[in-house]
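Q: Provide a 3D model corresponding to the input given below.
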Amino acid sequence: MHFPILPIIITLAGSALAAPYLPKRQNPCFVTGSEALPDEVSTQATNLASVITCDNSKTTIDGVPDVSSGGVTFSSINFAESGQSPLAFALDKFATTSPLANNNLDTFQNELNVYLATEAGIRSTGGNLAIKVPKFFLQFQMARIQQAQGAVSDIPGQTVDHQLEKVLKNAAGEDQALLDQVNELAVDLN
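A: Okay, the predicted model is just below:
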C-alpha cells in the first residue's frame, strides 16, 4: 500500500499555515526577570501595565526599572534607600492626617501602584520580598481611609482587620513599638 506523499505534505503544510499566529505574551515593562509570578501578582501586574510607566535608565531594587504612576515614582518612596526598617519607613512615609476621611486616596493608590509593580518586578527576578511590609501597610492605610469615608468593604481581603493581619504577619521581625503603632492605627478610624 502506497500513499501519495506530495498531497499529504501539501495538506499538512496548508494546515500549519492556516493555524492562527499567537505572539508570545508581552510582560509589563517592570517584569524583567524570568521567575514565574504567583497568580495574584501576575494578575496585578497585567492590570497595572496600563497605568505604570518605566524609566529603564534608572533601576531600583534587584534591577527593576524605576516605575511611576500618577506622578509618583518608586525611587521617590523607596524604603530600601531610607536607612530605616521597612515598617519604620512605612509608618513615617505613608502616615495619614486627621481627620482620616480627608486623606487623598488617589495619592495612596499611586504609591501602592508603584509598590505593586516593583514587587512584581522583584518577584520576577527571585529577589528579596521585604517590599511586602510597606506594600501591605499602604493597603492597610487605604482600607482605613475608605472606612473613614464610609466605604466599608464587604470583600474580606479588603477590610482594615485583614490588612492589619497582613502587615503584622509580614513585619513579624520588626520592633514591638512599631507593631504597637500599627495596632493603634487599626482602631483609629476617625
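Q: Would you mind listing the buried residues in the longest helix anywhere in the chain?
A: Longest helix in the chain by number of residues, with DSSP state H as the criterion: helix 105-125. For helix 105-125, burial by neighbour count (16 or more other Cβ atoms under 10 Å) applies to 108, 110-125. Heads up, the C-betas are built off the backbone N, CA and C, glycines and all.
Q: Cys47: how many residues sit nearby?
A: Check again: residue 47 is Asn, not Cys. Asn47 has 13 neighbours, counted by other Cβ atoms under 10 Å.
Q: Next: Ala36.
A: Ala36 is flanked by 10 other residues according to other Cβ under 10 Å.
Q: Same question for Ser42.
A: The burial count for Ser42: 17, using other Cβ under 10 Å.
Q: do the same with Phe94
A: By the criterion of other Cβ under 10 Å, Phe94 has 20 neighbours.
Q: Next secondary structure after the helix or strand containing Asp66?
A: If you go by DSSP states H and E, Asp66 is part of strand 65-69. Per DSSP H and E, the first helix or strand lying C-terminal to strand 65-69 is strand 72-73.
Q: Name every strand pairing with that next one and say which way it goes.
A: Note on strand 72-73: by DSSP bridges, its sheet partners are strand 65-69 (antiparallel).
Q: ok, now which ones touch the residue lying closest to Leu37 once chain neighbours are set aside?
A: Of all residues not flanking Leu37 in the chain, Arg123 sits nearest, at 5.5 Å (Cβ to Cβ, 6 or more residues apart in numbering). Listed by Cβ atoms under 8 Å, 6 or more residues apart in numbering, the contact partners of Arg123 are 33, 35, 37-38, 41, 129.
Q: Which pLDDT value goes with Arg123?
A: As predicted, Arg123 sits at a pLDDT of 97.
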